[in-house]
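Chemist: okay, here's the prediction I keep looking at, along with the sequence it came from:
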Amino acid sequence: MERGSAITEIRDICQRLADESGAKIVFLVEASKGKLIAWVGEAEQLDSAGLASLLARSFKMAGGFQKLIEDEEFAHESTDADSFYINLLLKRLMLVVIFDQRTSLRKVRPRARSAATEIATRWPAI
């Protein structure tokens, strides 16, 4: 499979995840390099500084990246701010789903797990 077509398929998976879960933003990051591979959603509302702060606070509260590596998924649901779900794929990719009060972790988690499995099967082709 050609890299460009695999990235397009991954972007389509992310878009389907956003549509089906009601998420605001979905992105896939190569964790080892911090490289953004794909993203979909309300990009004009993506505040990278705010997102970094949210992730840092939540990681600190829950034991951080080590917990993510051990559990392969991490979530923070808030009633008054954006929430997120992170799934570690293949020990080097992070699927991040940002959502708000329009949806819930109960709706996001199973769809994100399914998308993560689908992405992991396509990643070796890239």
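Modeler: Yes, it's here.
Chemist: hey, what's the residue nearest the centre of the chain bridged with?
Modeler: Nearest residue to the geometric centre of the chain (C-alpha atoms, centre = their mean): Val96, 1.3 Å. Note on Val96: beta-bridge partners Phe27, Ile86, judged by DSSP bridges.
Chemist: which residues touch it?
Modeler: Taking C-beta atoms under 8 Å, 6 or more residues apart in numbering as the contact definition, Val96 lies against Ile25, Val26, Phe27, Leu28, Val29, Phe84, Tyr85, Ile86. To be clear about C-beta, it is placed using only N, CA and C from the backbone, and glycine gets the same treatment.
Chemist: out of the residues you listed, who's nearest Ser78?
Modeler: Using C-beta to C-beta, Phe84 comes nearest to Ser78 of the contacts of Val96, at 8.9 Å.
Chemist: output the below-cut-off pLDDT ranges for the chain.
Modeler: The model of the chain has pLDDT under 70 over residues 1, 32-34, 43-71, 124-126.
Chemist: rerun at 80
Modeler: 1-4, 30-36, 43-72, 74, 76, 79-80, 91-92, 123-126 (pLDDT under 80).
Chemist: going along the chain, name the strands of the chain.
Modeler: Ranges of strands within the chain are 25-30, 35-41, 73-76, 83-89, 93-99, based on DSSP state E.
Chemist: angle of the last one against strand 35-41?
Modeler: In this case it means strand 93-99. Here strand 93-99 points in a direction 30 degrees away from that of strand 35-41 (axes from the mean of the first three to the mean of the last three C-alpha atoms, to 10 degrees).
Chemist: strand 93-99 to strand 83-89, inter-axis angle?
Modeler: Using the same axes, to 10 degrees, strand 93-99 lies at 160 degrees relative to strand 83-89.
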